[in-house]
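Engineer: Below are the sequence and a predicted model for it; my questions follow.
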Amino acid sequence: MSVQVNEMKWENDQPLIELKGITKVYGKGQAALKALKGIDLIVYQGDFVAVMGPSGCGKSTCMNLLGCLDTPTSGQYLFRGIDIGKLSRNQRALLRRHYLGFVFQGFNLLSRTSALENVELPLVYRGMHHSERGRIAHDALRAVGLSGWEHHTPAALSGGQQQRVAIARAIATSPTVLLADEPTGNLDSIRGVEIMELLTSLNKDRGITILMVTHEPDMAGYASRTVRFRDGLIVSDSRQSEVA
């Protein structure tokens, strides 16, 4: 494909993400599991979407597809108008590197490295000079309220602080989309609220589009939109004003 991921041209009034008839089947024959059964979804720049549903409903499978960590069995995934199914593996890796940020329930920090070094990691993969990535990492940690904690390892940080480091690592690359998988799942309610307020700020102040898997209705309430999955299908898609 001649179009390079980092040269994608796109207008703001167009959908940022569009899924058309997406299916995902694991296994074959009688052992086949239909994780997604033909879903359609449109996400615009600046959306904050909470993805909800019971375990095994397909929401995590959908997030993996959106993050280019997996590929659909059938259907079409468009990102800024580009058909992701026509990209090579290397082009999908470039899309992840330049457009997507990831936040996980388990933080996924390197245990023996400092907060600053953890945040610098994706910038290392970009081949960025040490001084430049240090500046960006400092700015990212400041943005999540962790100035002064740069040289602490994860073991010296609380759960909420570790998740803030993970968020700083995700935003250090200035992603267009932040994919968050149960970002408050391992936190108490107070720390969970702090993280949700931080994500809301990143969405409103920086314009980062957020798609967040959560089982917690209180946390989903921070999103501007809620998409519910059941049995491999999207069964509802509502804005917060509609929910209210």
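Structural biologist: Perfect, thanks for sending it.

Engineer: Contact partners for the spatially closest residue to residue 224 that is not a sequence neighbour?
Structural biologist: Distances taken as CB to CB, 6 or more residues apart in numbering put residue 48 closest to residue 224, at 4.6 Å, once the chain neighbours are dropped. In this view, the C-beta of every residue, glycine as well, is placed from N, C-alpha and C. If a contact means CB atoms under 8 Å, 6 or more residues apart in numbering, then residue 48 has 199, 200, 203, 209, 210, 212, 222, 223, 224, 225 as its contacts.

Engineer: confidence score at residue 48?
Structural biologist: As predicted, residue 48 sits at a pLDDT of 97.

Engineer: For the residue nearest to the spatial centre of the chain, give me its contacts.
Structural biologist: Within the chain, one residue has its C-alpha closest to the average C-alpha position: by CA atoms, centre = their mean, that is residue 179, at 0.7 Å. Residue 179 makes contact with 63, 66, 67, 100, 101, 102, 103, 211, 212, according to CB under 8 Å, 6+ apart.

Engineer: wait, isn't residue 115 in contact with residue 165?
Structural biologist: Yes - applying CB atoms under 8 Å, one finds residue 115 in contact with residue 165, separated by 4.7 Å.

Engineer: Which residues are in contact with each of these two?
Structural biologist: Common neighbours of residue 115 and residue 165 (CB under 8 Å, 6+ apart) are 141, 146, 154, 157.

Engineer: hey, C-alpha coordinates of stretch 93-103 in PDB?
Structural biologist: In PDB, the C-alpha atoms belonging to stretch 93-103 read as follows (Å, rounded to 0.1, in the frame of the first residue of the first chain):
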ATOM      1  CA  ALA A  93       3.200  -1.000  14.200                       C
ATOM      2  CA  LEU A  94       3.800   2.600  12.900                       C
ATOM      3  CA  LEU A  95       0.200   3.400  13.500                       C
ATOM      4  CA  ARG A  96       0.400   2.200  17.100                       C
ATOM      5  CA  ARG A  97       3.700   4.000  17.700                       C
ATOM      6  CA  HIS A  98       2.500   7.400  16.300                       C
ATOM      7  CA  TYR A  99      -1.300   7.500  17.000                       C
ATOM      8  CA  LEU A 100      -2.200   5.200  19.800                       C
ATOM      9  CA  GLY A 101      -1.500   5.200  23.600                       C
ATOM     10  CA  PHE A 102      -2.300   2.300  25.900                       C
ATOM     11  CA  VAL A 103      -3.200   2.100  29.600                       C
END
